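> missing the sequence, but the structure's below:
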């Protein structure tokens, strides 16, 4: 596709359940980022993938959060034992290595934990 | 830390000019981004400054001073559709990520 895609667009889950969010970056973009955005707030960095290098996981808020990326393509963000404070929009972005063209964001997944 | 500071809210009049300021920590800094985010939508890229000075792109311009840890986004000939949040984000070489500010919510009045 032409842009970054994410699925699902909306996810409602019960507290304690696990969820998996998917991101398909732009083809050729070696860098991939996950962010969390709570209502009315800025973007909170979660994790960064660059090619085959070890990911930068320094933004993950707890060990309930994990992410994987297959080569330079699809990435999945998994949240285990969801809590109500996990409710937010989860944004994925991809970019070229040199970032000069900025990051291209997907439409996000709106997660609601009830 | 790598704090990014920008005003929370600003209001301006249609047709006027507005400047949104951003300050960041300079240690390890290697570039400054500006993004526009309309309510309920994903951010879209506006500009990327690496060198000092002003870069103009249509009605929008972005300025960077690396020594001062300061940037601004200048919006000219404001239109109602410019009502949005404007996010300042800094890239750092020591960490493989881009740090975002909380955003400036800009409201345009007729």
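Structure's in. What do you need? What you see is a predicted model, and the numbers here were worked out from it, not measured in a lab. Numbering: from 1, shown residues only, chains lettered A, B, ... in the order given.
> Could you check which residue of chain B lies nearest chain A?
Per Cβ to the nearest Cβ, residue B:45 is where chain B lies closest to chain A, at 3.1 Å. Just so you know, the C-beta spots here come from the backbone N, C-alpha and C atoms, and that holds for glycine as well.
> Tell me the confidence at that residue?
As predicted, residue B:45 sits at a pLDDT of 93.
> can you list contacts of the helix or strand where it lies?
Following DSSP states H and E, one finds residue B:45 within strand B:44-49. Residues outside strand B:44-49 that contact it (Cβ atoms under 8 Å, 6 or more residues apart in numbering or on different chains) are A:99-105, B:31-37, B:55, B:57, B:60, B:62-64, B:71, B:73, B:86.
> What does the pLDDT read for residue B:94?
We have a pLDDT of 56 for residue B:94.
> quick revisit: now, of the contacts of strand B:44-49, which are buried?
When neighbours are counted using 16 or more other Cβ atoms under 10 Å in any protein chain shown, those contain these buried positions: A:99, A:102-105, B:31-37, B:60, B:62-64, B:71, B:73, B:86.
> what sits against residue 4?
Using chain A here. Contacts for residue A:4 (Cβ under 8 Å, 6+ apart) come out as A:23-26, A:92-94, A:104-106.
> could you do chain B instead?
Taking Cβ under 8 Å, 6+ apart as the test, what residue B:4 contacts is B:22-24, B:88-90, B:99-102.
> Narrow the residues you listed to those in strands?
Here DSSP state E is the test, and the contacts of residue B:4 give B:22-24, B:88-90, B:99-100 as lying in strands.
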